[in-house]
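Colleague: starting from these lines, generate the structure:
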Amino acid sequence: MTDLTKLARADVKIVEDDLATILADTITDYQNRTGKVLQPAHIERLLINTYAYREVLTRQQVNEAYRQQHVRFATGLMLDLCGDDVHTPRLQAQPAQTTLRFQAKLAGKEQVVIPRGTRVTVDSLIFATVEAGLLTATNSSIELVAVCQSTGVVGNGWSAGQINTLADHLSDIAEVKVSNITTSSGGVNVESDDAYRVRILLAPESFSVAGPVGAYEYFTRQVSQDIIDVYVTNDTDKEGKPLGGVVAVTILTKTGLPSMELIHQVQTSLSNERVRPLCDQVVVCAPKIFNYQVAATLTLFVGADAQAVLAAAKAAWQQYQSSWEQRLGVDVVPLVIQSLLKVDGVYNVSTPALELTTVAADTWAHCTNLDLTIAEEAVDG
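Modeller: Here you go, the predicted model:
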């Protein structure tokens, strides 16, 4: 049985599109029809070469059109049409969110209303509250969720205290101060083809409700394209025993740990009675973290350029992090890390302090530091 997840795009075709094969078949057909043996210098060969080239282009287009009918290989608009077949539209760009703290010194019965839509700016961006609040003498501080008015990643990464310029006049009786208490996050661009493809393939799991694991994963990914991995299981008690009817959903984002705002969004979505089975209780949480460091010594071949080797090793490591650290439950395997750091010019890689570690399915393995050292002596190999 063919493993479709490993099927190469070039292997999916309905007509032969190899130039050499088409050229040979065309020459043979011409010779059979005319009884003339063609030589490379014959004028007919030049015409046949042109015909064969145009025929290859046509056949490649036919094969590509066929691939575009399948979710695993469709791109762009064709992938959108595949998603439409299972009622799964592409997720559009979403704005970043943060939590703002409003404060004012009031006395007696003085009050300040914080209307919904109150604007707070940073640089050229505007964040607006999505709920109203009230400041009083006994409640001089209130925290409200605010959403960036520009979609995409542009609103991400503003750390606590940076969003602090009030754009609306709120009171004549007291000065109202405001600042964000969480780093703004959750802003994402339009869903990429790869992320969208995963959701379309999961869509059949959702045709009833979020009972199966795949259905919970589908509805979780539907909240935001910033979510890149989901783990669903039973929640456990203090002794580690599964709790019946309590579903634990662990989410990982492109930048690692999810924000509290995103966790709340997923919790709200999965708690909808049209999504979850009636008796299920859903608990959404961030993954546990296993932090580790890599200290590697690279022994080079004689004559190898140390700086070029270091640059290549760091590039290989960045590629590893960009793929494997976007998944939950990835074990830390020294042999794998040594293999990827053994780039051209490296004779051997030593990581004495790195231990083989099995990482649980609800845990994110994150390397906090990579330290590469070139050994003093090189070898001939």
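
Colleague: which ones are touching V223?
Modeller: 262, 265-266, 269 (Cβ atoms under 8 Å, 6 or more residues apart in numbering). For every residue, glycine as well, the C-beta is placed using N, CA and C.

Colleague: of those, which belong to strands?
Modeller: Under the assignment DSSP state E, the contacts of V223 contribute nothing to strands.

Colleague: contacts only, for the residue nearest the centre of the chain.
Modeller: Among the residues of the chain, I228 comes closest to the average C-alpha position under Cα atoms, centre = their mean, at 4.1 Å. Neighbouring residues of I228 by Cβ under 8 Å, 6+ apart: 195, 252-254, 326-327.

Colleague: wasn't it part of a strand?
Modeller: Yes. According to DSSP: H, G, I helix; E, B strand; the rest coil, I228 belongs to a strand.

Colleague: which residue, other than its chain neighbours, is closest to it?
Modeller: For I228, ignoring the flanking residues on the chain, the nearest one in space by Cβ to Cβ, 6 or more residues apart in numbering is Q326 at 4.9 Å.

Colleague: would you say the one you found is within a strand?
Modeller: No. Per three-state DSSP, Q326 lies outside any strand segment and is coil.

Colleague: start the count at 672, not 1, going forward
Modeller: Will do, 672 is the new start, and the previous item becomes Q997.

Colleague: that one: neighbouring residues, count only.
Modeller: 16 (other Cβ atoms under 10 Å).

Colleague: what about L752, how many neighbours?
Modeller: Counted with other Cβ under 10 Å, L752 comes out at 12.

Colleague: before we move on, back to that, can you pick the most crowded of the contacts of I899?
Modeller: L923 (24 neighbours).

Colleague: need phi/psi at that one.
Modeller: Per-residue torsions, L923: phi -120, psi 140 (degrees, to the nearest 10).

Colleague: can I get the contacts of I899 in JSON lines including distance to D1015?
Modeller: Below are those laid out as JSON lines (distance: Cβ to Cβ, whole Å):
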{"residue": "A866", "distance to D1015": "33"}
{"residue": "L923", "distance to D1015": "33"}
{"residue": "T924", "distance to D1015": "34"}
{"residue": "K925", "distance to D1015": "30"}
{"residue": "Q997", "distance to D1015": "26"}
{"residue": "R998", "distance to D1015": "27"}
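
Colleague: any buried residues in the helix or strand hosting A966, and which?
Modeller: Assessed by DSSP states H and E, A966 sits inside strand 959-971. Neighbour counts over strand 959-971 (16 or more other Cβ atoms under 10 Å) mark 961, 963, 965, 967-971 as buried.

Colleague: ok, it: who's next to it in the sheet?
Modeller: Its sheet considered, strand 959-971 pairs with strand 1017-1021 (antiparallel), strand 1034-1045 (parallel) by DSSP bridges.

Colleague: okay if I get those strands as a markdown table plus distance to N734?
Modeller: As requested, these are exported to a markdown table (distance: least, Cβ to Cβ, whole Å):
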| stretch | distance to N734 |
| --- | --- |
| strand 1017-1021 | 40 |
| strand 1034-1045 | 40 |
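
Colleague: what about the residue nearest to V965 when sequence neighbours are not counted, how many neighbours?
Modeller: Among residues not flanking V965 along the chain, L1041 sits closest, at 5.0 Å (Cβ to Cβ, 6+ apart). Using other Cβ under 10 Å, L1041 has 17 neighbouring residues.

Colleague: my guess is L1041 meets K985, correct?
Modeller: Yes. Checked against Cβ atoms under 8 Å, the pair L1041 and K985 is within contact range at 7.3 Å.

Colleague: quick one: low-confidence ranges for the protein?
Modeller: 672, 879-882, 1052 (pLDDT under 70).

Colleague: what residues does stretch 815-830 touch?
Modeller: 763-771, 773, 785, 789-791, 793, 796-804, 834, 851, 854-860, 926, 932.

Colleague: so which of these belong to strands?
Modeller: Per DSSP E, these map to strands at 766-771, 773, 785, 790-791, 793, 796-800, 804, 851.

Colleague: hmm, back to that, closest one to A681 among the strands paired with strand 959-971?
Modeller: strand 1017-1021 (31.7 Å; Cβ to Cβ).

Colleague: who's in contact with that closest one?
Modeller: Under the criterion Cβ under 8 Å, 6+ apart, residues 967-972, 975, 980, 984, 1009-1010, 1012-1013, 1046, 1049-1050, 1052 lie in contact with strand 1017-1021.

Colleague: that strand: which residues count as buried?
Modeller: For strand 1017-1021, by 16+ other Cβ under 10 Å, it's 1017-1018, 1020-1021.

Colleague: then stretch 978-994?
Modeller: 980-981, 983-984, 987-988, 991.

Colleague: can you show me the helices along the stretch 772-921 of the chain?
Modeller: 864-873, 884-892 (DSSP state H, counting those that start in this stretch).

Colleague: pick the most deeply packed of those.
Modeller: helix 884-892 (a mean of 22; mean count of other Cβ atoms under 10 Å).

Colleague: only C-alpha atoms, please: export that one in PDB.
Modeller: Extracted in PDB, the C-alpha atoms of helix 884-892 (Å, rounded to 0.1, in the frame of the first residue of the first chain):
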ATOM      1  CA  VAL A 884      -9.200  13.500  18.300                       C
ATOM      2  CA  GLY A 885      -9.000  14.600  14.700                       C
ATOM      3  CA  ALA A 886     -12.200  16.700  15.000                       C
ATOM      4  CA  TYR A 887     -10.900  18.500  18.100                       C
ATOM      5  CA  GLU A 888      -7.700  19.200  16.200                       C
ATOM      6  CA  TYR A 889      -9.600  20.500  13.200                       C
ATOM      7  CA  PHE A 890     -11.700  22.900  15.200                       C
ATOM      8  CA  THR A 891      -8.700  24.100  17.100                       C
ATOM      9  CA  ARG A 892      -6.700  24.900  14.000                       C
END
